[in-house]
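K.L.:
what would the 3D arrangement of this be:
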Amino acid sequence: MRAIGGVIAILLLASLSGCDRAVRRPQGEEGIVLSTDVPVRNSTAVLAVELTKLQRGQEVEILERKGREWMRVRTRGGIEGWVEARHVLSKRAFERARALEREMAPIERQALGQLVGSAAIRLTPGRASEENVLFYAPAGTPVDVLRRERTSRLGQDVLPRRYQPPARRARSLEPMPPSDLWYCVRLPESFLIRVGWVYAPLVELKVPDRLRHLQGEYVFVAWYELASVEDPEIGTSYHYLTFDAHRTAPVPGTDFERLRLWIWDVERHRYKIGRWEIAHGVLPIKHWRDGTLHRFRMQLYDPKTGELTDVEYLVDVSALFSPRLLRSRP
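P.N.:
Just a heads-up that it's a prediction; the model follows:
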């Protein structure tokens, strides 16, 4: 009898252990839902049953990944199913993205752009892999360009900014390595994650229509509206300050190479250049208005030493039809 009792006890313990294993749920990483009305399905098949919908900002557990397209999740209510991976981001990546957003918060828009195709929004610049992709934003999304960086071609190493003053650069025969240009952008408020890096060819800069045709050998990387004037034939136009870079051969280490003050000529009904200066510098530019003065603070390379120094430009618009560009040190 004692032997039989021992066997029964062992069987009961095994049964309880088995039940415990049966109800124990696998633990996954935490995730954040990026979109609204995301369907949770019972499989990845085309005719799968929809179990529930997820809302933006909702937290889920990521239990399994199926390639790059699907992931199995568990909701807070205990429902398990499959969702498209593009709608869910790991909480760890989400927190890093929020940290990047806080870092870029003080930087104002340098240029307005628009995505020309579905673009990967990345945590860091570089396209060596998909590991730094946060999500994909659709074509046509407006973006504010905040910063620019270059990485090695198809790589993820940010190239150091090695600027040489013109005299020394002319004697340097070392070619620049192939590189990719990246923009750090801010997305509209409708996005849960609002800041990330985008491959620059996927962003079309939305230069104001009346300025766009003035680009040629040099293109605008940043522009600022200064004051409006009324043209009796055309209507309202604006004076602008632009920051320009060479279209095909930019100066290494710089984001812009010169600045130009564009004045709308109400007699000829077109733009004229009020003043332009060579200015080898980097973004971001800080802009604010003080009465009739527009102030622009930036970092420019010293032509003798090659070191970055703080420089301030002023645009005086007190004389509406003849604004003046002045340079001073802050």
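
K.L.:
pLDDT weak spots in the chain?
P.N.:
1-27, 167-175, 329-330 (pLDDT under 70).

K.L.:
strands paired with the strand of greatest length in it, and their directions?
P.N.:
Scanning the chain for the strand with the most residues, using DSSP state E, yields strand 270-290. In the sheet, strand 270-290 lines up against strand 256-265 (antiparallel), strand 293-301 (antiparallel) (DSSP bridges).

K.L.:
quick one, which of the ones you listed gets closest to V219.
P.N.:
strand 256-265 (9.9 Å; C-beta to C-beta). Heads up, the C-betas are built off the backbone N, CA and C, glycines and all.

K.L.:
ok, the residue lying closest to V116 once chain neighbours are set aside to R65 distance?
P.N.:
In space, not counting the residues next to it along the chain, V116 is nearest to E204; the distance is 5.0 Å by C-beta to C-beta, 6 or more residues apart in numbering. Using C-beta to C-beta, to the nearest Å, we find E204 at a distance of 33 Å from R65.

K.L.:
name the residue closest to the centre of the chain, please.
P.N.:
Geometric centre of the chain, nearest residue: V185, 2.5 Å, by C-alpha atoms, centre = their mean.

K.L.:
nearest spatial neighbour of that one, chain-adjacent residues omitted?
P.N.:
For V185, ignoring the flanking residues on the chain, the nearest one in space by C-beta to C-beta, 6+ apart is V143 at 3.9 Å.

K.L.:
next SSE downstream of the helix or strand hosting the residue nearest to V116?
P.N.:
For E204, the host element (DSSP states H and E) is strand 203-205. The helix or strand immediately downstream of strand 203-205 is helix 209-212, counting by DSSP H and E.

K.L.:
list the helices and strands that following helix packs on?
P.N.:
In terms of contacts (3 or more C-beta pairs under 8 Å, 6 or more residues apart in numbering; DSSP states H and E), helix 209-212 is packed against strand 235-246.

K.L.:
how about a cut-off of 10 Å?
P.N.:
On a contact count with 3 or more C-beta pairs under 10 Å, 6 or more residues apart in numbering; DSSP states H and E, helix 209-212 meets strand 218-231, strand 235-246, strand 256-265, strand 270-290.

K.L.:
need those in TSV (columns: mean neighbour count and distance to L51).
P.N.:
Below are the helices and strands packed on helix 209-212 laid out as TSV (neighbours: other C-beta atoms under 10 Å; distance: least, C-beta to C-beta, whole Å):
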stretch	mean neighbour count	distance to L51
strand 218-231	18	48
strand 235-246	19	52
strand 256-265	21	53
strand 270-290	16	46
